[in-house]
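>>> pasting the structure only:
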């Protein structure tokens, strides 16, 4: 795909996606396969969750662009009894001084998600790259579109130093055209 | 990783790698997991296989850079009885007019490989991208290093038109430091 900005990237992402994800737990050479449905819905910049999230990060809500909510529900073959389920709100804050770079705010949501602020950029070939640093870990995510109805996501979970990769996962996400 | 040229990219790739690969067969939502050992060995530009491969593509062998042989041996969880095994010779031919772009020649090798010529380029963030067009299909491969001992590979098998992706696969490859 060609270079796109954050508005175009979020626009392309809106919808329902059927996701096939494989996680490689590198130390154990373990494969985990997850099937899920991911819903990405645009939010109004006036949405109270968006405004609260900006304020709690000391950011002027007027700086936010294309906020959205992501909801997922899936099942892993590792522990078939546990259903993976969650939702969070994501708010891009473009850097006014550098094109195609910025912060991505994320609220606590429910389930396993924790509040976080990541640094994103979009590469010349249209890949969205997100780096998030936590207390004891770091995450690197790359998302790109093969075509408007197929996107790929590579996620790395790293040790806090950032050198060791603990888990690498890859998702193929196909747009659900039927709407269910 | 930072931008690198084809010589550095091949240099980083030389060695023995233990690979965990997941293939997503998108139409069937099938997961296939493959474990394998991949050996990448530098070849001399004077190697007769390299010279023959250049000549059969009407390319002056003096244009070749960092030729190498790749050998793999693995097992899939889809058909445990069949052992995946193969070897091929790969010869980069940099484009003299455009930096970090060129052709990649591949010989027929043994096993399932067929002779092919792909177009490669290296992106600003050090990702090696290879596009290969066959009679009835096209392949797109992206390879990048998380650190010198860990590389990732995303491969897409597309219909010949290039729009539909049939299979998407992701490999995590860890350098085998023990040498066995």
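Done, it's in. Since the structure is predicted, the reported quantities are computational estimates derived from the model, not experimental observations. Residues are numbered from 1 along each chain as shown, chains lettered A, B, ... in the order given.

>>> Can you pull the residues of chain A lying near chain B?
Contact residues, chain A versus chain B (C-beta under 8 Å from any C-beta of the partner chain): A:18, A:20, A:22, A:24, A:26, A:29, A:31, A:33, A:35, A:77, A:123-125, A:129, A:146-147, A:150, A:152, A:154, A:156, A:163, A:165, A:168, A:170, A:172, A:174. All C-beta atoms are positioned from the backbone trio N, CA, C, and that covers glycine.

>>> Now which of those would you call buried?
A:18, A:20, A:22, A:24, A:26, A:31, A:33, A:123, A:125, A:129, A:146, A:150, A:152, A:154, A:156, A:165, A:168, A:170, A:172, A:174 (16 or more other C-beta atoms under 10 Å in any protein chain shown).

>>> Pretty sure the fourth one sits against residue B:174.
No: between residue A:24 and residue B:174 there is no contact under C-beta atoms under 8 Å: 9.6 Å.

>>> hang on, the earlier thing: let's see which of the buried ones among the residues of chain A next to chain B end up in strands.
Counting by DSSP state E, these place A:18, A:20, A:22, A:24, A:31, A:33, A:129, A:146, A:150, A:152, A:154, A:156, A:165, A:168, A:170, A:172, A:174 in strands.

>>> does the first one have beta-bridge partners, and which?
This means residue A:18. For residue A:18, the beta-bridge partners under DSSP bridges are residue A:37, residue A:174.

>>> contacting residues for the residue nearest in space to the middle of chain A?
Chain A has residue A:141 as the residue nearest its centroid, 7.3 Å off, counting by C-alpha atoms, centre = their mean. Neighbouring residues of residue A:141 by C-beta atoms under 8 Å, 6 or more residues apart in numbering or on different chains: A:128, A:129, A:130, A:131, A:132, A:153, A:154, A:155, A:156.

>>> Turn those into CSV, columns for pLDDT and distance to residue A:85.
What follows is the contacts of residue A:141, written out as CSV (pLDDT from 0 to 100; distance: C-beta to C-beta, whole Å):
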residue, pLDDT, distance to residue A:85
A:128, 97, 24
A:129, 96, 27
A:130, 96, 22
A:131, 94, 26
A:132, 92, 21
A:153, 97, 18
A:154, 98, 22
A:155, 96, 18
A:156, 95, 23
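
>>> Sketch out the strands for chain A, chain order is fine.
Secondary structure of chain A (DSSP E): strands at A:15-25, A:30-42, A:68-76, A:83-94, A:101-106, A:116-122, A:128-133, A:137-147, A:150-159, A:165-175.

>>> for those strands, which one sits closest to residue A:8?
Closest approach to residue A:8 among those is made by strand A:116-122 (8.9 Å; C-beta to C-beta).

>>> Next, the angle from the closest one to strand A:128-133.
150 degrees (axes from the mean of the first three to the mean of the last three C-alpha atoms, to 10 degrees).

>>> quick one: strand A:116-122 to chain centroid distance?
10 Å (C-alpha atoms, centre = their mean, to the nearest Å).

>>> and if you look at stretch A:24-33?
That offset, for stretch A:24-33, works out to 21 Å (C-alpha atoms, centre = their mean).

>>> contacting residues around it?
A:20-23, A:76-78, A:165-169, B:18, B:20, B:22, B:31, B:33, B:35, B:77, B:150, B:170, B:172, B:174.

>>> same check, this time on stretch A:120-132
For stretch A:120-132, contacts defined as C-beta under 8 Å, 6+ apart pick out A:1-6, A:9, A:92, A:100-104, A:116-119, A:138-145, B:123-125, B:129.

>>> Just the buried subset of those residues, written out for ChimeraX, thanks.
Buried subset of the contacts of stretch A:120-132, written as a ChimeraX selection, criterion 16+ other C-beta under 10 Å:
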select /A:4,6,9,92,100,102,103,104,116,118,138,139,140,141,142,143,144,145 /B:123,125,129
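
>>> show me what contacts residue A:45?
A:61, A:64, A:65, A:67.

>>> any idea how far residue A:139 is from the second one?
The one in question is residue A:64. From residue A:64 over to residue A:139 the distance is 22 Å, taken as C-beta to C-beta, to the nearest Å.

>>> try residue A:84
For residue A:84 relative to residue A:139 (C-beta to C-beta), the value is 17 Å.

>>> which one is residue A:158 nearest to, not counting chain neighbours?
In space, and not counting its chain neighbours, residue A:158 is closest to residue A:138: 4.5 Å by C-beta to C-beta, 6 or more residues apart in numbering or on different chains.

>>> What pLDDT does the model give that neighbour?
Residue A:138 carries a pLDDT score of 90 in this model.

>>> now it: how far from residue B:58?
As for residue A:138, its distance to residue B:58 is 48 Å (criterion: C-beta to C-beta).

>>> Kindly report the same for residue A:170.
Distance from residue A:170 to residue B:58, by C-beta to C-beta: 38 Å.

>>> Skipping its backbone neighbours, what lies nearest residue A:64 in space?
According to C-beta to C-beta, 6+ apart, the nearest residue to residue A:64 is residue A:91 (4.9 Å).
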